[in-house]
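**Student:** Here is my input; please provide its structure:
(2 chains)
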Amino acid sequence: MKEIPGDLLFLKSHEWARVEDNGTVTVGISDHAQGLLGDLVYVELPNVGDTVQAGNAAAVVESVKAASDVYSPVTGTIVAVNESLPDKPETINEDAYGDGWIFVVKLDNREELEELLDPDAYAELIENEED
Amino acid sequence: MTSRTILNETHRAAGAKMVDFGGWDMPINYGSQIDEHHRVRRDAGMFDVSHMTVIDLTGTRTRAFLRHLLANSVDKLKTPGKALYSCMLDADGGVIDDLIVYYLDESFFRLVVNAATRAKDLAWIERQARAFDVVVRERPELSMIAVQGPQARAKVASVLTPATAAKALALGKFVACEGDGLFIARTGYTGEDGFEIVVPEGEAVALWNRLAAAGVAPSGLGARDTLRLEAGMNLYGQDMDETTTPWEAGLAWTVALDADRDFIGRRALEAQKKEGVPRELVGLVMDEKGVLRHGQRVATPNGDGEILSGTFSPTLGKSIAFARVPAGAAGDVRVDIRGREVPVRIVKYPFVRDGQAAPGIGS
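**Tutor:** From the prediction side, this is the model:
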């Protein structure tokens, strides 16, 4: 199990969010989630300019085993997507918290961040899940 | 209740991700399903298939019994060791299970049937066997390891005694022999050459470890599924079951309508053939990105069908599937993926042959 970077926030559904210096939020899926899915073979990205709602599906990742919605942790507008993923979805398997980021949201309401789990709470969640 | 094979601890120690598979705790992969898939296509991999059910049939009328029980004809089995793939049908022609039958001698045949269908298969076989005085004996104390890939036979031979290795290497396709206390069959479920080895439970871990030391990669049921679909092989419960006849499941090649053989389901099959078979199983390839999955709707000019087995093909780098569609469907065929209709091509399968895209598959 990879160490969880301390600057990330999480949804219970295993998406991570990182608040960048310019106030945008980068989103991906956790290392735990990529491990559950197995080898990823396809990523369906949102379009730049799409509006997304916190807790609603914004992207899809598919492994050999299953398709899984990626929920946006925050409400706002998509300002960037990781264009390299459709050709190299395995990047998420290799580096879920880094090069495997999926999209960036310009968020509408910073208060939504308070609803998210901190790394310790997320670590506890997945530990309990494994029992 | 969850059952475990004798190799369970070995899988866990190797870091396998375990999943429930028809009531069995089995390895889905040991890290990367795709790497395991490629190892089997290019070199050699092994699968614990001990969850499958071995059933020995004995009695002087065993051949007569199997002529009645199976849709394929055991009359094709003339030399000891020879194997045959067949469906076992109910009276309506529905598929109870698919299986392999081995002919050992006139009063001894061996069946290998699926794990998830074990209880109903045994009940059905025992019921039908009574009239033939055939003894039905399950062999739960036997484990099974499938070793598959272009290097599989040589690597297996390297862990056998010279005499047994020579016998195993001389086997023709779909033939089995015995040696070193093992039952070694040149069969498989990946489209690659190789062996399926039946081994007494107490010796299975040692054999697995010897094969691993010989360079055979432990491979999970995930890779087994992508390998068999690329090879165009059906999976019971997904591609056919009691609600489908072999005609509707791409299994006509396994049905022998030979003269003077009254097998269970024959009348229903002949009646359906006469009336016209309403649905058929086809192979699909999707050239666009995405993955075909079980249950997705398939729109054709003749009406809707659905995806049976669907997956990402690691060898082709695109998605492939079996679908059941109205008979004669052709032309503009699309699959509904999350509300989007994606075009697919109907193709002849196997999708992969000799480790590469079969003709017409790659586009």
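**Student:** who's in contact with residue B:109?
**Tutor:** If you count contacts by Cβ atoms under 8 Å, 6 or more residues apart in numbering or on different chains, residue B:109 has them with B:56-57, B:62-63, B:66, B:74, B:101-103. Where C-beta positions appear, they are placed from N, C-alpha and C, glycine not excepted.
**Student:** measure it to chain A for me?
**Tutor:** Using Cβ to the nearest Cβ, to the nearest Å, one obtains 37 Å as the distance from residue B:109 to chain A.
**Student:** in what helix or strand does that residue lie?
**Tutor:** Secondary structure assigned from DSSP states H and E places residue B:109 in strand B:108-113.
**Student:** Run me through the strand neighbours of that strand, direction for each.
**Tutor:** strand B:53-58 (antiparallel), strand B:95-105 (antiparallel) (DSSP bridges).
**Student:** where along chain A do the strands fall?
**Tutor:** Assigned strands in chain A, in chain order: A:9-10, A:15-19, A:24-29, A:40-44, A:51-52, A:57-63, A:67-71, A:76-81, A:103-107 (criterion: DSSP state E).
**Student:** which residues sit in contact with the residue nearest the centre of chain A?
**Tutor:** Among the residues of chain A, residue A:28 comes closest to the average C-alpha position under Cα atoms, centre = their mean, at 2.3 Å. Residue A:28 is in contact with A:15-16, A:92, A:96-97, A:100-102, counting by Cβ under 8 Å, 6+ apart.
**Student:** same thing but 7 Å
**Tutor:** With contacts defined as Cβ atoms under 7 Å, 6 or more residues apart in numbering or on different chains, the neighbours of residue A:28 are A:16, A:96-97, A:100-102.
**Student:** What's the per-residue pLDDT of it here?
**Tutor:** At residue A:28 the predicted local confidence, pLDDT, stands at 98.
**Student:** the bottom helix or strand of chain A by mean pLDDT?
**Tutor:** When each helix and strand of chain A is scored by mean pLDDT, DSSP states H and E, helix A:119-130 comes last, with a mean of 90.
**Student:** quick one: that one to strand A:15-19, angle?
**Tutor:** Angle between the axes of helix A:119-130 and strand A:15-19 is 180 degrees (criterion: axes from the mean of the first three to the mean of the last three Cα atoms, to 10 degrees).
**Student:** Flag every buried residue along helix A:119-130.
**Tutor:** Residues of helix A:119-130 classed as buried by neighbour count (16 or more other Cβ atoms under 10 Å in any protein chain shown): A:119, A:122-123, A:126.
**Student:** between those residues, which is closest to chain B?
**Tutor:** residue A:126 (14.7 Å; Cβ to the nearest Cβ).
**Student:** so what's that closest one closest to, chain neighbours aside?
**Tutor:** Of all residues beyond its chain neighbours, the one nearest residue A:126 is residue A:32 (4.8 Å), with distances taken as Cβ to Cβ, 6 or more residues apart in numbering or on different chains.
**Student:** Give me the neighbour count for the one you found.
**Tutor:** As a burial measure, residue A:32 scores 21 neighbours (other Cβ atoms under 10 Å in any protein chain shown).
**Student:** can you list the residues of chain A near chain B?
**Tutor:** If contact is defined as Cβ under 7 Å from any Cβ of the partner chain, the residues of chain A in contact with chain B are A:38-39, A:41-42, A:62, A:64-65, A:67, A:86.
**Student:** Return the residues in contact with the nearest residue to residue B:89 once chain neighbours are set aside.
**Tutor:** On the basis of Cβ to Cβ, 6+ apart, the spatially nearest residue to residue B:89 that is not a chain neighbour turns out to be residue B:265, at 3.0 Å. Residue B:265 makes contact with B:71, B:89-93 under the criterion Cβ under 7 Å, 6+ apart.
**Student:** Residue B:265 and chain A: what is the separation?
**Tutor:** Using Cβ to the nearest Cβ, residue B:265 is found at 34 Å from chain A.
**Student:** Quick check, pLDDT for that residue.
**Tutor:** 98.
**Student:** circling back: just give me the closest of the buried residues of helix A:119-130 to residue B:14.
**Tutor:** The shortest approach to residue B:14 among those belongs to residue A:126, at 22.5 Å (Cβ to Cβ).
**Student:** pretty sure the closest one contacts residue A:33?
**Tutor:** No. Taking Cβ atoms under 7 Å as the contact criterion, residue A:126 and residue A:33 are not neighbours in contact, 9.0 Å apart.
**Student:** The residue lying closest to residue A:121 once chain neighbours are set aside pairs with what?
**Tutor:** Nearest in space to residue A:121, with sequence neighbours left out and distances taken as Cβ to Cβ, 6+ apart, is residue A:10 at 7.5 Å. Residue A:10 has these beta-bridge partners by DSSP bridges: residue A:16, residue A:117.
**Student:** I figured residue B:218 was touching residue B:212, is that so?
**Tutor:** Yes. Under the criterion of Cβ under 7 Å, residue B:218 is in contact with residue B:212, at a separation of 6.4 Å.
**Student:** which one of these two has more residues nearby?
**Tutor:** When residue B:218 and residue B:212 are compared on other Cβ under 10 Å, the one with more neighbours turns out to be residue B:218, at 23 against 15.
**Student:** Would you mind giving me the confidence score for that one?
**Tutor:** Confidence at residue B:218, expressed as pLDDT, is 98.
**Student:** OK, contacts around it?
**Tutor:** When the contact criterion is Cβ under 7 Å, 6+ apart, the partners of residue B:218 are B:14, B:30, B:46, B:212.
**Student:** sec struct for the last one, please.
**Tutor:** So that's residue B:212. The local conformation at residue B:212, judged by DSSP: H, G, I helix; E, B strand; the rest coil, is helix.
**Student:** Contact partners for it?
**Tutor:** The contact partners of residue B:212, by Cβ under 7 Å, 6+ apart, come to residue B:218.
**Student:** could you list every residue that touches residue 54?
**Tutor:** Assuming you mean chain A. Applying Cβ under 7 Å, 6+ apart to residue A:54 gives the contacts A:72-75, A:112.
**Student:** Sorry, I should have been clearer: chain B.
**Tutor:** Shown in contact with residue B:54 (Cβ under 7 Å, 6+ apart): B:110, B:112, B:139, B:142, B:198.
**Student:** give me the number of residues near the third one?
**Tutor:** Other residues within reach of residue B:139 by the criterion other Cβ under 10 Å amount to 15.
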